[in-house]
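Student: My questions are about this predicted structure, shown below with the sequence.
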There are 2 protein chains.
Amino acid sequence: MTDEPSATAVVPGHLTLLFSVVRDDDPRATGSRGAGVTLEAGVQTTVSPGTRTTFNGEPIEIEPVDRVLDVLGVDSAVDIETPLALGAGFGISGAATLGAAIAANAAFECSATENELVTYAHVAEVESGTGLGDVVAQARGGIPLRLEPGAPDVGRLDGIPARTRVEYLVLGEVETREVLAGDITDLSEAGERALEAVRTSPTVETLFEAGWRFSVEAGLTDDELSAVVEDVHDVGGRAALGHLGRTVVALEDGLSSVGYVPEVTAVDPTGATLIGGSAHR
Amino acid sequence: MTDEPSATAVVPGHLTLLFSVVRDDDPRATGSRGAGVTLEAGVQTTVSPGTRTTFNGEPIEIEPVDRVLDVLGVDSAVDIETPLALGAGFGISGAATLGAAIAANAAFECSATENELVTYAHVAEVESGTGLGDVVAQARGGIPLRLEPGAPDVGRLDGIPARTRVEYLVLGEVETREVLAGDITDLSEAGERALEAVRTSPTVETLFEAGWRFSVEAGLTDDELSAVVEDVHDVGGRAALGHLGRTVVALEDGLSSVGYVPEVTAVDPTGATLIGGSAHR
């Protein structure tokens, strides 16, 4: 009830533990199969009148955010706040894009449905080359299994019904576009095997085991990452890598119990959601 | 990490504002199309060793809860706590059934996926004659549109991406089984028209308008309910009925602003989720 339309959405971070790539002429049907963990540590995106885009207060340009606002026919400022590191595998571009779509829809009364907003954000990520499966996982929350790739009307999701404390340690960055532009045949075959293992035994323990095996088989680990994961495994803990990034993620107190000083969060139960705002009337 | 397996799930209440009934030989494909509002006011269900079922501390028997535990192969005590009134349209049987499934799966390590648990609970409700669309809506949270009826692998959901304060006033009870056993042709035709209106303009305002029109056309209102709804409409507020019950629900402060003393809650953003417990190891 104000002249300044504004709205804020929160979207969980998403660490993909295993995945395979599926390309299609239709960007809605392009995406990834796989599994991962959404995190209460997430991204808060506020839309209001203006033209700037900021990331933790600093000017930034995020191609899929621009694309999704174009599709909604909205010109607005987008302010993105997150404790998560860019380029470390948390799906921040997907979260900002979906958050911008949800917030802009509310502030500017675009009358899109939830599935439509997820579709717009998924397509914007695919067309920008910045992500393949984060948006649909972040929309759902929890521990999503991406059984069939793509937007809601095309893809198919399930989930592992568990909630737990999660710890993570960021050791560096990976450029998503570069990895996805390379030869990913072996990676995708390893991802399909890993997803099948999780479907056979849909527990968080199997997810972390299959995730780590995937990272090794797909050549996505290195000595530094493997050393940390093995420290956790040595005492019976569960650890795996978040892709595409150089991030180790562990269940419960897996990292802190062996002497690391990780960030601490938890499985997000909610998925993407509006948290406030006022539409233009 | 204890010898006493126990887990607790929370599931939102669900007020169906409009619906049509779809029957099929397969109970997974039986259900309802329609739309409603899930509520932060919900049902907390705890599963632990034992044989009792209690509702707010009093012994009770709830057929679909027994059925869903049978399917999971679990014998356990089920303790259900809720501020919501039974028989007033809040989908309490669906919430208790889904909550028991989620909690039992965690406590007794049944290794079912989220979609499987929702399917078991939906089928238990259909076979008990206690509900047709609450479970899938309660699993999703928010403001669910049930586009195609039935369990996750069969049905199709979307949602209106809005969150708002919600007020409600319970004026009495309706026995779900009796209404669903009668002739529901006219009701279903009115429900299909109402859902089409919401799909054309997916906003909470349209939902409440289409919901109220549905209640009138389907013959589900009476003088007392209509008088309350019209009091809200007279000052430009939005009100409708929650089915199957004798409950008036309004957006924002719709009821309190015209002098009623309603219960106050909000759209639930999360859907059904585990909140704690310890599995048997």
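Tutor: Now that the structure is in, tell me what you want to look at. Residues are numbered from 1 along each chain as shown, chains lettered A, B, ... in the order given.
Student: Would you state the strands of chain A in chain order?
Tutor: A:6-22, A:31-48, A:53-55, A:58-59, A:77-81, A:144-148, A:156-159, A:165-172, A:239-242, A:246-251, A:263-266, A:273-278 (DSSP state E).
Student: so which of these comes closest to A:G99?
Tutor: Closest of the strands of chain A to A:G99 is strand A:31-48, at 3.1 Å (criterion: C-beta to C-beta). In this view, the C-beta of every residue, glycine as well, is placed from N, C-alpha and C.
Student: interface residues of chain A facing chain B?
Tutor: Contact residues, chain A versus chain B (C-beta under 8 Å from any C-beta of the partner chain): A:102, A:105-106, A:109, A:111-117, A:141-142, A:145, A:152, A:158-163, A:201-203, A:269-271, A:273-275.
Student: out of those residues, which are buried?
Tutor: A:102, A:105-106, A:112-117, A:141-142, A:145, A:152, A:158-163, A:202-203, A:269-271, A:273-274 (16 or more other C-beta atoms under 10 Å in any protein chain shown).
Student: Looking at the stretch 1-150 of chain A, which residue is nearest chain B?
Tutor: At 3.8 Å from chain B, A:E114 is the closest residue in the stretch 1-150 of chain A, using C-beta to the nearest C-beta.
Student: Could you list which residues are in contact with that residue?
Tutor: Residues near A:E114 by C-beta atoms under 8 Å, 6 or more residues apart in numbering or on different chains: A:A139, B:G142, B:D158, B:G159, B:I160, B:P161.
Student: For those residues, give me CSV that also has pLDDT and distance to A:T45.
Tutor: Shown next, in CSV, are the contacts of A:E114 (pLDDT from 0 to 100; distance: C-beta to C-beta, whole Å):
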residue, pLDDT, distance to A:T45
A:A139, 98, 14
B:G142, 98, 18
B:D158, 98, 22
B:G159, 98, 19
B:I160, 98, 19
B:P161, 97, 13
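Student: Just the buried residues of stretch A:130-145, please?
Tutor: Burial within stretch A:130-145, assessed by neighbour count using 16+ other C-beta under 10 Å, is assigned to A:130-145.
Student: likewise stretch A:54-64?
Tutor: A:F55, A:I62, A:P64.
Student: next one: stretch A:214-222
Tutor: A:F214, A:S215, A:E217, A:A218, A:L220, A:T221.
Student: so which of the residues you listed comes closest to B:V74?
Tutor: For the buried residues of stretch A:214-222, the nearest to B:V74 is A:F214 (32.1 Å; C-beta to C-beta).
Student: State the distance from that closest one to A:P161.
Tutor: Distance, A:F214 to A:P161, using C-beta to C-beta, to the nearest Å: 22 Å.
Student: Check A:R23 too.
Tutor: 31 Å.
Student: just to revisit the earlier point, can you tell me which of the buried residues of stretch A:54-64 is closest to B:A190?
Tutor: Of all the buried residues of stretch A:54-64, the one sitting nearest B:A190 is A:P64; the distance, using C-beta to C-beta, is 41.6 Å.
Student: what ranges do the helices span in the stretch 101-250 of chain A?
Tutor: Using DSSP state H, counting those that start in this stretch, the helices of the stretch 101-250 of chain A run over A:114-128, A:134-140, A:176-181, A:185-200, A:204-217, A:223-234.
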